[in-house]
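Q: Only the shape, not the letters, is given here:
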């Protein structure tokens, strides 16, 4: 049986681990309901052990994110000898990310006003204190690192991206010395990708532990209490992923969206289980390059940028949550306040990129701007973990879609690879190799 499991492709292994974790999680929920002693044993020992495995796995993923982003961006940037190409690449990527985020928040506000998720729900008193959101101008003014080593140590990805781009430009203009450094980073890139390969081999087991713990810790009571809010956010995310992105891809490239949605399955499953665009980045980059045919330079620039600033899933949650909190607080938002929510959520997706707990910080900023109580966020925390998994899946789908569009517009998308259903088969068997 184990040999048969080992012969499955990566996405199939992750899917088995995900479904197995969900089933085992519900078994643990059932067993915990028998008596307090058994519940305490499961929480202390079984989930305790799973938490250790989960943290080791997620930390291993995060361990390679900074080196991967740094090295891939440096390699991608230094290969662009023409500064105009870099400017065009950055302009297209950022513009498309902001457009999709604005569409996402508009969609969620529209649906929330139609279906009224806060109807007949009263505000609950809690001890929750919302984190103080930094001023947007303060965050934007600090995107250039004064200490790049500290930025890497802190995992401030926006600062790491800025440093990598500037360093790559310097390499491309340094002549013969720059060429030597470029060769060194290309070799470094090979090693980092091999490290990713090693980590991917334990992914199904990490996903199993994550899902088991999530199901037990979330339970069903919190979901039932906020069922309308939960369903509305989930449906909004599904609409954005299955309609907005495919339409953008079709309009801008003329390509069928089906290959993208089917080939992106490994990254989607990974994003769903880890709830982290950054942790999923190694998988997203490999899928984009090996299965979708996105040019190496475009993938190295656009995807790390998207994993940092593309917050479509979070924007959707903010839209529904803002209307929900306004309704339970008895506040009727004006059209100008709705426009403020759209603007703040779109700009905050870049401005808060390096801030911990970014989703809640962004929501705090939005609620503050429209004079809604930030302490009401506590009501949403019970279901936020599961919704975060869905949001992350939407985010990485958006990253891959924008990377494909940008690559096609630059004329370097390998359409034969994109349309080939068997392309990247080696990746499915966890063989991650650099082009």
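A: Noted; the coordinates are in hand. No experiment lies behind these values; they were computed from the predicted model shown.
Q: what's the neighbour count on residue 60?
A: Close neighbours of residue 60, defined as other CB atoms under 10 Å, add up to 17. All C-beta atoms are positioned from the backbone trio N, CA, C, and that covers glycine.
Q: And the pLDDT for residue 34?
A: The score at residue 34 is 82. That number is its pLDDT.
Q: mind checking the SS state of it?
A: Under DSSP: H, G, I helix; E, B strand; the rest coil, residue 34 falls in the coil class.
Q: contacting residues for it?
A: Under the criterion of CB atoms under 8 Å, 6 or more residues apart in numbering, residue 34 has no contact partners.
Q: My read is that residue 271 contacts residue 281, right?
A: No - when contacts are counted by CB atoms under 8 Å, residue 271 is not listed as touching residue 281 (9.7 Å).
Q: Tell me which helix or strand residue 73 sits in.
A: Assigned by DSSP states H and E, residue 73 belongs to helix 47-78.
Q: Which parts of the stretch 251-400 of the chain are strands?
A: Counting by DSSP state E, counting those that start in this stretch, the stretch 251-400 of the chain yields no residue ranges for strands.
Q: hmm, back to that, could you pull out the buried residues of the very next helix or strand once past the helix holding residue 73?
A: Per DSSP H and E, helix 47-78 leads on to helix 83-115 as the next helix or strand towards the C-terminus. Residues of helix 83-115 classed as buried by neighbour count (16 or more other CB atoms under 10 Å): 86, 89-90, 92-94, 96-98, 100-109, 111-113, 115.
Q: could you say what helices and strands the helix holding residue 73 packs with?
A: Helices and strands touching helix 47-78, by 3 or more CB pairs under 8 Å, 6 or more residues apart in numbering; DSSP states H and E, are helix 157-172, helix 175-200, helix 203-218, helix 277-290, helix 296-309.
Q: With respect to residue 247, which of the ones you listed lies nearest?
A: Residue 247 lies closest to helix 296-309 among these, at 18.2 Å (CB to CB).
Q: center of the protein, which residue is that?
A: By CA atoms, centre = their mean, the mean C-alpha position of the chain lies nearest to residue 277, the distance being 2.7 Å.
Q: Run a quick check on that residue versus residue 392, I expect a contact.
A: Yes - taking contacts as CB under 8 Å, residue 277 lies within contact range of residue 392: 5.7 Å.
Q: Find residues that contact each of these two.
A: Both residue 277 and residue 392 are contacted by residue 271, under the criterion CB under 8 Å, 6+ apart.
Q: need the contact list for the nearest residue to residue 165 once chain neighbours are set aside.
A: With CB to CB, 6 or more residues apart in numbering as the criterion, residue 165 has its nearest non-adjacent residue at 5.2 Å, and that residue is residue 77. Under the criterion of CB under 8 Å, 6+ apart, the neighbours of residue 77 are 86, 164-165, 167-169, 171-172, 300-301.
Q: Closest one to residue 313 out of these, please.
A: residue 301 (21.6 Å).
Q: Tell me the confidence at the residue nearest to the closest one when sequence neighbours are not counted?
A: Take residue 301 and drop its neighbours on the chain: the residue closest to it by CB to CB, 6+ apart is residue 76, 4.8 Å away. Per-residue confidence (pLDDT) for residue 76: 78.
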